[in-house]
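Q: how would this look folded up:
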Amino acid sequence: ITPQFIPGNKQISFKYRTAMIDKIITSVNYDVTYFDIDKKGNIWIGTINEGLFRYNKSQDKFTQYKFDIKNPNSINSNRIYSIRIDAKGMIWVGTDMGLCRFNETTNSFTRFSNDSDLSYSIRTLTSDMRGRLWIGSDNKLVMFDCEDNLKIIINLFNDVGLSELEFNSFFNIENETIYMGGNGGVIFFQPDEIVLDMDKAPVVLTNFELWGKSLNKNLHDIQTKFRQSLSKERKRSMSGS
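A: You can find the predicted model right below:
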């Protein structure tokens, strides 16, 4: 349904044009769960049992994407809960079977079935300006950086005091604060302030005991021998590979 804004003298009226999709619907329950629009103006529509639809407005054409058990590159489920077009234009879909990414070039989907954190029922799905996804299930929130393959896992009950998130209960505001609502209240955060520190801390020996006696007096010599041992082990593993 495409609303057209027509101002009147004293009131606002709307004119609706209905695009029929009955010819490609096969189930009785095809309730719409979510909308999003990509950079080309295509409208992506999620449904309960009929999978995902792309509506090309300029051509007035619907394309349906459904789960195909014989095709590993099809969408992973017909039950769509959330859709997100990220800052880089990537199209992400959250279903009751987990996360999918649509590849427009191949007209296919990438599944994340082998990742236990991304293959559960997704209740809400949004992203920040860096393109990182924020994925909510009933009991946890996952930050997923697809480009660097990094994740942060947040236990909703233990870490923020929510027992579960509601479906699509999120809101992004201009300063990139993300709000999410669930059973127990609302959480909000600024994703730019959440950064993973990938620098590895050096191994430092602070004490060494042998048969219950401290050898701190010889700690410098022990640290030197420890580093030499690690260096020899690396060289051995590299020559063996």
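
Q: His55 contacts Asn42, correct?
A: For residue 55 the amino acid is Tyr, not His. Yes: with contact defined as C-beta atoms under 8 Å, Tyr55 reaches Asn42; the gap is 6.5 Å. Heads up, the C-betas are built off the backbone N, CA and C, glycines and all.

Q: relative to Leu52, how far out is Phe62?
A: 11 Å (C-beta to C-beta, to the nearest Å).

Q: give me the more crowded residue out of those two.
A: More neighbours surround Leu52 than the other of Phe62 and Leu52, with 25 against 16 (other C-beta atoms under 10 Å).

Q: for the more buried one, name its beta-bridge partners.
A: Going by DSSP bridges, Leu52 is paired in beta bridges with Gly46, Tyr65.

Q: begin at 396 from here
A: With the count now opening at 396, the last piece we talked about shows up as Leu447.

Q: pretty sure it sits against Ile475.
A: Yes: the pair Leu447 / Ile475 is scored as a contact, 5.5 Å apart, by C-beta under 8 Å.

Q: shared neighbours, these two?
A: Gly441, Val488 (C-beta atoms under 8 Å, 6 or more residues apart in numbering).

Q: can you tell me the SS state at the spatially closest residue to Phe566 that is not a sequence neighbour?
A: Closest residue in space to Phe566, ignoring its immediate chain neighbours: Tyr574 at 4.6 Å, by C-beta to C-beta, 6 or more residues apart in numbering. What DSSP: H, G, I helix; E, B strand; the rest coil gives for Tyr574 is strand.

Q: burial check on Tyr574, number of neighbours?
A: 14.

Q: Ile589 versus that one, what's the distance?
A: Look at Tyr574 and Ile589: by C-beta to C-beta, they are 15 Å apart.

Q: kindly report the same for Arg479.
A: Distance from Arg479 to Ile589, by C-beta to C-beta: 18 Å.

Q: could you do Thr500 as well?
A: Thr500 is 31 Å from Ile589, by C-beta to C-beta.

Q: and what of Ser511?
A: Ser511 is 22 Å from Ile589, by C-beta to C-beta.

Q: between those two, tell me which one has more neighbours.
A: Each of Ser511 and Ile589 had its neighbours counted (other C-beta under 10 Å), and the higher figure belongs to Ile589 (13 against 9).

Q: just to check, the more buried one is in contact with Ile547?
A: Yes: applying C-beta under 8 Å, one finds Ile589 in contact with Ile547, separated by 6.9 Å.

Q: shared neighbours of those two, anything?
A: Residues touching both Ile589 and Ile547 by C-beta under 8 Å, 6+ apart: Met538.

Q: contacting residues for Asn446?
A: Residue 446: Gly, not Asn. Gln459, Tyr460, Lys461, Phe462, Ile470, Ser472, Asn473, Ile475.

Q: okay then, goodbye and thanks.
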